[in-house]
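> kindly generate the corresponding structure for this input.
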Amino acid sequence: MPYRDPDVHPGTDNYPATEAGRLTRLRELVVLDSAPEPLFDSIVRMASEVCDAPIALLTLVDAERQWFKANLGLPGVNETPRAIAFCAHAIQSDDVLEVPDATHDQRFADNPLVTGSPDIRFYAGAPLVLPQGERVGTLCVIDRQARGLSDAQREKLRALAVMATQALVMRRDLIRNSLSVRSEYETALVKSEAKYRALIEQQAELVSLAEPDGKLIYMNQAYARHFGLTPEQMISRNLFDFVAASDRPMVRARIAAVLADGTTRFGENRMESADGTGHWLSWTNTLQLDEHGDRMLHSVGRDITERKQLEQRLADNERFTRHVTDNVPVRIAYVDSRRRYRFVNQVHAESMGLDRDEIVDRTRAELMQGPDETLIARRVDAALSGQRQQFEFEDTVGGARHLIDSQLLPDVADNGDVRGYFSIGVDVTERAAAERALLELAAIFKNTTDYVVQADPEGRISYLNPSMRQAIGLAPDTPLPRLHFSDFNPPEVNRLFKRVIMPAVRSGQVWVGETTVYLEHRREVTVSQLVIAHRDGQGRITRFSSVMRDISEAVEAKAEAARQTAIVRSVAEAIPSSVAVFGADGCYQFVNRAFEQWCGLPRDQILGREASALLGEQEFNRRRPWI
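Residues are numbered from 1 along each chain as shown. Prediction:
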């Protein structure tokens, strides 16, 4: 709302004594409606730089108006009505008044300076307190973005306000005492300028002043040091000499715009030191007028090379990941918590018959219709509640039905919130058919290193292959003791058999998954387990077979790798198919866990080796046309 001083009623004669005295002290300064002065312009410029604000003002609050003695960032504006002035609030206290977001402050939310130009969001004002205690105005900074000051910035603003007050008092004394106190005023002025210069010299940011053609006439120590020179070596050099050649047209255009209309402009470009070293810098460029009214360019820079390098690394990682995911025969996607696609690889896009741009930011329900969509929607609900999902569904691709093995992996934040899920789909149509044929053959392999167990329909053990006998400490020729299949399983696995595995195999399915089993001395190991039911000619179950492979070492390796791998690489690591990337020199650059398991070697013995050395010349030459 507009400003209303509880003790002052403009336009009436009933001013309190405190307000009357304040206005008297203000007018004794003999400063209202005076011409701009370099010292006060320097102070507001210094406040702008210290507080990193595009607007800085030195204001004096009269009975009906606030008038600007110095103005940076609001060209053409000399005063505003007191009724809407933020500074009228600031002079009610000796402390700094800070308004982080005026749109959320009931005192200012409807203020025309907030709802309209100059669109004030952030305001901080330090009162100008005269020696007798009267607060006659403020040194304030304004931004069009909501924000706040650091403790150091707030203290510097307060110190600059004290400096401005001292300058106003000295100016008054100068006028009052005329030539008799002129030398004292000039001494104070020199000291104030010296304080300003000292503050600038101590800043870590790069500060410079240049003529319109780019000729440098001032730079602080940090500026010169950044380019490997001293200030004396850089004076009269042209700032464009240090701008990377490819960026000079852009920088010239930016500076020309600042000098043309006086608007502060921000930008980033590459700079080169005297030894040719390149750096990225972020610049704030403003117009400044010298004592003759000539235009000057004031620049403040900050080195952002490290940030740019990080951005480039992230971009390179993204390109690498996209290249990998686009060149594996697996559907890969990321869906956020609103069920909207954020990423799909090429195979996933092709399976939907759409371009990537047609999929991203839309939901599956908006894109797909079919009998399996209800099943998939239930699985998505579970994934978004934090439950990992793996299931199969049929999909039509190119007019043909395909069986897709799908995994939905929740993306869980540190605080437990599910941000979305990774979707990985593998076409297992051919593999499923081959596995069903091979599993029957595998039942007769007595010399396999896998553990093979057969049991009758009641679960009594009828056969153990040699690997299983050895694993449980049973001699090859020893008769089978009375054992039940459940004797090999921990309690939670037996519950899994009762609830999931046995219903699946009795319905004609082959169950494949990870469980744990007890071996010799009740040692519990993780296995990849396959369970099938054998039937007679009438379809009755005659026995069950289980084929188990010890994957405990692989599981431990997988868990360790998962803790050390970023989200981006987790996509490739979760792919069940073997993935390998190697360069033009034939050396492996990246392999996933499935590839490690396939070749029987750990990753550190694969990466950097030539494919021909790992596969053998004969196998490598056979694969060379595909590579």
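> rest of the way, CA atoms for contacts and neighbours
Noted.
> correct me, but residue 119 touches residue 144?
Yes: with contact defined as CA atoms under 8 Å, residue 119 counts as touching residue 144 (5.8 Å).
> kindly indicate whether residue 590 is helix, strand or coil.
Secondary structure assignment for residue 590 (DSSP: H, G, I helix; E, B strand; the rest coil): strand.
> can you check the one 5 residues further on too?
Using three-state DSSP, the secondary structure recorded for residue 595 is helix.
> please report phi then psi for the closest residue to it other than its chain neighbours.
In this structure, residue 595 finds its nearest non-sequential neighbour in residue 578, 4.4 Å apart by CA to CA, 6 or more residues apart in numbering. Here is the backbone geometry of residue 578 (degrees, to the nearest 10): phi -70, psi 130.
> just checking, residue 578 touches residue 593?
Yes: counting by CA under 8 Å, residue 593 is a contact partner of residue 578 at 7.5 Å.
> picking up where we left off before, which ones are touching the residue nearest to residue 595?
If a contact means CA atoms under 8 Å, 6 or more residues apart in numbering, then residue 578 has 591-595, 598 as its contacts.
> go with 10 Å
Contact partners of residue 578, counting by CA atoms under 10 Å, 6 or more residues apart in numbering, are 328, 572, 591-599.
> taking these, please make a PyMOL selection of just the buried ones.
Here is the PyMOL selection string for the buried members of these, based on 16 or more other CA atoms under 10 Å:
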select buried, resi 328+572+591+592+593+594+595+596
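> tell me the one of the contacts of residue 578 nearest residue 155?
For those, the residue nearest residue 155 by CA to CA is residue 572; the value is 51.8 Å.
> the closest one contacts residue 579, correct?
Yes: counting by CA atoms under 10 Å, residue 572 does reach residue 579; the two are 7.8 Å apart.
> intersection of neighbour lists for those two?
Going by CA under 10 Å, 6+ apart, residues that sit against residue 572 and also against residue 579 are 324-325, 328, 591-593.
> if we can go back for a sec, tell me, what's touching residue 578 and residue 593 both at once?
Going by CA under 10 Å, 6+ apart, residues that sit against residue 578 and also against residue 593 are residue 572.
> roughly how far apart are residue 368 and residue 111?
Taking CA to CA, to the nearest Å as the measure, residue 368 and residue 111 are separated by 51 Å.
> looking at those two, which is more packed in?
residue 111 (21 against 9; other CA atoms under 10 Å).
> so that one sits against residue 82, correct?
No: the criterion here is CA under 10 Å, and residue 111 misses it with residue 82 at 11.8 Å.
> returning to what we had before: out of the contacts of residue 578, which one has the lowest pLDDT?
Taken together, these show their lowest pLDDT at residue 572, with 72.
> three-state assignment of that residue?
Classified using three-state DSSP, residue 572 is helix.
> look up how far residue 360 lies from it.
In terms of CA to CA, residue 572 sits 20 Å off from residue 360.
> residue 103 reaches residue 146, doesn't it?
Yes: using CA under 10 Å, residue 103 is in contact with residue 146, at 8.9 Å.
> ok so residue 48 is a helix residue?
Yes: per three-state DSSP, residue 48 lies within a helix segment.
> who's in contact with it?
42, 54-57, 72-73, 140-143, 157 are the contacts of residue 48 under CA under 10 Å, 6+ apart.
> mind checking how far stretch 379-393 is from the chain centre?
27 Å (CA atoms, centre = their mean, to the nearest Å).
> pull the CA atoms of that stretch into PDB?
Extracted in PDB, the C-alpha atoms of stretch 379-393 (Å, rounded to 0.1, in the frame of the first residue of the first chain):
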ATOM      1  CA  ARG A 379       3.000 -51.200 -13.000                       C
ATOM      2  CA  VAL A 380       3.700 -47.400 -13.500                       C
ATOM      3  CA  ASP A 381       1.700 -46.700 -10.300                       C
ATOM      4  CA  ALA A 382       3.800 -49.100  -8.400                       C
ATOM      5  CA  ALA A 383       7.100 -47.700  -9.800                       C
ATOM      6  CA  LEU A 384       6.100 -44.200  -8.800                       C
ATOM      7  CA  SER A 385       5.400 -45.400  -5.300                       C
ATOM      8  CA  GLY A 386       9.100 -46.600  -5.200                       C
ATOM      9  CA  GLN A 387       8.700 -50.300  -6.100                       C
ATOM     10  CA  ARG A 388      10.900 -51.700  -8.800                       C
ATOM     11  CA  GLN A 389       8.900 -53.500 -11.500                       C
ATOM     12  CA  GLN A 390       9.800 -56.200 -14.000                       C
ATOM     13  CA  PHE A 391       7.200 -57.800 -16.200                       C
ATOM     14  CA  GLU A 392       6.500 -58.900 -19.700                       C
ATOM     15  CA  PHE A 393       3.900 -57.700 -22.100                       C
END
